[in-house]
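Enquirer: predicted model follows, preceded by the sequence.
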Amino acid sequence: AQSVTQPDIHITVSEGASLELRCNYSYGATPYLFWYVQSPGQGLQLLLKYFSGDTLVQGIKGFEAEFKRSQSSFNLRKPSVHWSDAAEYFCAVGANSGGYQKVTFGTGTKLQVIP
Amino acid sequence: GAGVSQTPSNKVTEKGKYVELRCDPISGHTALYWYRQSLGQGPEFLIYFQGTGAADDSGLPNDRFFAVRPEGSVSTLKIQRTERGDSAVYLCASSPLGENEQFFGPGTRLTVL
């Protein structure tokens, strides 16, 4: 069974600073990897996804993530954080199971942005 | 176009009562998923529908939980004899056939007193 670890429960960064959110996964085959963002009272919004190909993937809102198979990691990065990025971020791993994606989420990292 | 919608947005009920939570997927999406998100946790898979049938209900915690999708569109998650531990946000997601990305609704916050 697949699993996801997000080691940082809470991160605080200053506006304009760079950001890296960590994600480690466990899965026996090539995983499908996702990063979602959840603002208070909102549903989950997909930031980016990795299925195959280039290991550096670009997403919406200036985010990117890099798939590193040797480290079983899929860390999310942004070069300059904006106050509107304050939200909770979830890493997820998907596995094809009978023709659909069974997705397992991490416990999330809550991002606080200070002026 | 319209996204996934869920009703009600909030539901407060008493222990032992029956509740129904509704999900309207994006039009044309054949796959529908239900997740439960407890406080401080990520979403946990409950059940997956492909069309009208529940292809995988392995995430349902016990037989008090049941979900239907009779016409392959709208789905209802039903919880009998609610317990305080059922309090959570229930999320619905849909995706087109063959697609890996799931589109999430805003969720229903269920509070069992």
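Expert: Right, received. Where do you want to start?
Enquirer: and chain B, which residues reach chain A?
Expert: With the criterion set to C-beta under 8 Å from any C-beta of the partner chain, chain B comes near chain A through B:3-4, B:31, B:33, B:40-45, B:48, B:50, B:55-56, B:91, B:93, B:95, B:100-107. The C-beta positions use only the backbone N, C-alpha and C, and glycine is treated the same way.
Enquirer: from the residues you listed, which land in strands?
Expert: B:31, B:33, B:44-45, B:48, B:50, B:55-56, B:91, B:93, B:95, B:103-104 (DSSP state E).
Enquirer: quick check: the two most widely separated of these?
Expert: Comparing every pair within those by C-beta to C-beta identifies B:44 and B:50 as the most remote, at 19.7 Å.
Enquirer: paired strands for the lowest-mean-pLDDT helix or strand in chain B, with orientation please.
Expert: Across the helices and strands of chain B, mean confidence by mean pLDDT, DSSP states H and E is lowest for strand B:53-56: a mean of 88. Using DSSP bridges, the strands paired with strand B:53-56 are strand B:44-50 (antiparallel).
Enquirer: now the strand it pairs with: average pLDDT?
Expert: For strand B:44-50, mean pLDDT is 94.
Enquirer: and what of stretch A:70-78?
Expert: Mean per-residue pLDDT for stretch A:70-78: 96.
Enquirer: export it as PDB, just CAs?
Expert: Backbone C-alpha positions of stretch A:70-78 (Å, rounded to 0.1, in the frame of the first residue of the first chain) are rendered in PDB as follows:
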ATOM      1  CA  SER A  70      16.400   7.900  -5.300                       C
ATOM      2  CA  GLN A  71      15.100   9.800  -2.300                       C
ATOM      3  CA  SER A  72      11.400   8.900  -2.700                       C
ATOM      4  CA  SER A  73      10.600  12.600  -2.500                       C
ATOM      5  CA  PHE A  74       8.500  15.100  -4.300                       C
ATOM      6  CA  ASN A  75       9.200  18.500  -2.700                       C
ATOM      7  CA  LEU A  76       7.200  21.600  -3.500                       C
ATOM      8  CA  ARG A  77       9.000  24.900  -4.100                       C
ATOM      9  CA  LYS A  78       8.200  28.500  -4.800                       C
END
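Enquirer: which residue is nearest the centroid of the chain?
Expert: No chain was given, so I picked chain A. In chain A, the residue lying closest to the centroid (C-alpha atoms, centre = their mean) is residue A:35, at 3.1 Å.
Enquirer: nope, chain B please
Expert: Centroid-nearest residue in chain B, with C-alpha atoms, centre = their mean: residue B:34, separated by 3.5 Å.
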